[in-house]
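Participant: Got a sequence here, can you model it:
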Amino acid sequence: MKDGSQRIHKLLLRLEEKNYPYSPRFLGTDEKGREILTFIEGQAGNYPAKAYMWSDENLIAIASMLRDYHEAVRDFTFDDSWQSLPGTPGPREVICHHDFAIYNLIFRDEKVCGVIDFDVAAPGPVSWDVAYALYTCVPLSRFYLDENAEYVHLDQAEQERRMTVFMKSYGEVFENILETVVFRLEALCLLIENNAANGDPAFLKMKTEGHVEHYRKDIQYIREMQSDETNRDKQIDPENLQ
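Facilitator: Alright, predicted model coming up:
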C-alpha cells in the first residue's frame, strides 16, 4: 500500500456509511497487505472518450455525483495528517477528490455510474473539485480527442453553455469560477514539476510527455476566455437559469 492509504480507506468507509453509491468499497487487505476494493463494472472515460460520455445527460449526472460526494464528506473529520496538495487554497472545507475527471469516471449502458481513483484525495475547498471537473468534463481545454482520436475544438459559446449545464446541476453559486480553474491548473503544473524534481517516475513521464506545457497553454486559453466581457467575473447562479 502507498503512504496515506489508511486515510483513503477511512474516506471510502465513510462514503459507504453515507450510502454514496458511486465509489468503490474498501473490503480490507490480503495476506500481502494489498488493499481489496470492489470493482465498478463499466467502461472508464479514458481518452479518447466515447461520444456518449460527453452528452449533456452525463454532464448533468457528473455534476450531481460531485455535489453528492461533497455532501457525503462534509461532516468527515480530518486532522493535520491530511496534508493539502501544493498550491491548494483555503479553506480546508472537505476532503476533495482532487481528480474528479472524466478519465476517472465509469460508464455503464452509456450512463455515468461511478468514480474511482481516490489516491490524491486531500483537504481543500469544494470549488477546487468543481474547477477540475469543469476543466475535464466540459471540457475547458483548447481541444479534446473524440472516439476516433480526432481533435475537436469547442467554441467558447458551447463551452459556456456546458459550464452552465454543469453548474445548474451542481446547484451552488461560485464567483470567478474560471479564475479558480486557472489556479487549479497552475497547482497541477506545480505538483507535476515538484514530484518530477523528486524523481517520481510517473510525474517524470508526465513532464517528459509535455503535460505541463499542455496545461500552460490551456491556462492561457482560459485567460483569453476571461478577457471576454461576457465571461469576466461571471457568477453562474442556478436560481437565475432558465
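Participant: quick one: least confident helix or strand in this protein?
Facilitator: Least confident helix or strand of the chain, by mean pLDDT, DSSP states H and E, is strand 235-236 with a mean of 52.
Participant: Start and end of stretch 65-84, how far apart?
Facilitator: 22 Å (CA to CA, to the nearest Å).
Participant: tell me which residues in it are buried?
Facilitator: Met65, Leu66, Arg67, Asp68, Tyr69, His70, Ala72, Val73, Phe76, Phe78, Trp82, Ser84 (16 or more other CB atoms under 10 Å). Where C-beta positions appear, they are placed from N, C-alpha and C, glycine not excepted.
Participant: Between those residues, which sits nearest Ile40?
Facilitator: Nearest to Ile40 out of the buried residues of stretch 65-84 is Met65 (CB to CB; 12.4 Å).
Participant: which stretches of this protein form strands?
Facilitator: Along the chain, counting by DSSP state E, strands occupy 26-29, 35-37, 43-44, 94-96, 105-108, 111-115, 122-124, 144-145, 151-152, 174-175, 235-236.
Participant: Relative to Ala197, which of those strands is closest?
Facilitator: Closest among the strands of the chain, using CB to CB: strand 122-124, at 19.6 Å.
Participant: List the strands paired with that closest one, with their directions.
Facilitator: strand 94-96 (antiparallel) (DSSP bridges).
Participant: same question for the strand it pairs with, mean pLDDT?
Facilitator: For strand 94-96, mean pLDDT rounds to 98.
Participant: Can you list the buried residues in that strand?
Facilitator: So, applying 16+ other CB under 10 Å, buried residues of strand 94-96: Val94, Ile95, Cys96.
Participant: Can you tell me the closest non-neighbouring residue to the residue nearest the centre of the chain?
Facilitator: The C-alpha lying nearest the average C-alpha coordinate of the chain belongs to Phe100 (CA atoms, centre = their mean; 2.5 Å). Using CB to CB, 6 or more residues apart in numbering and skipping residues adjacent in sequence, the residue nearest Phe100 is Ala133, 4.8 Å away.
Participant: isn't the one you found right up against Leu66?
Facilitator: Yes. Counting by CB atoms under 8 Å, Ala133 touches Leu66, with 5.5 Å between them.
Participant: any shared contact partners between the two?
Facilitator: Shared contacts of Ala133 and Leu66 (CB atoms under 8 Å, 6 or more residues apart in numbering): Phe100.
Participant: if I look at Ser127, how far off is Pro24?
Facilitator: Between Ser127 and Pro24 the distance is 25 Å, computed by CB to CB, to the nearest Å.
Participant: all helices of the chain, in order?
Facilitator: For the chain, helices defined by DSSP state H occupy the ranges 5-17, 56-73, 126-137, 156-170, 177-197, 201-208, 211-227.
Participant: Show the low-confidence segments of the protein, by residue range.
Facilitator: By pLDDT under 70, the low-scoring segments of the chain are 1, 229-242.
Participant: how many other residues sit next to the nearest residue to Gly42 once chain neighbours are set aside?
Facilitator: Closest residue to Gly42 apart from its sequence neighbours, by CB to CB, 6+ apart: Arg108 at 3.6 Å. For Arg108, the tally of surrounding residues (other CB atoms under 10 Å) stands at 12.
Participant: residues contacting Arg108?
Facilitator: Glu41, Gly42, Gln43, Gly114.
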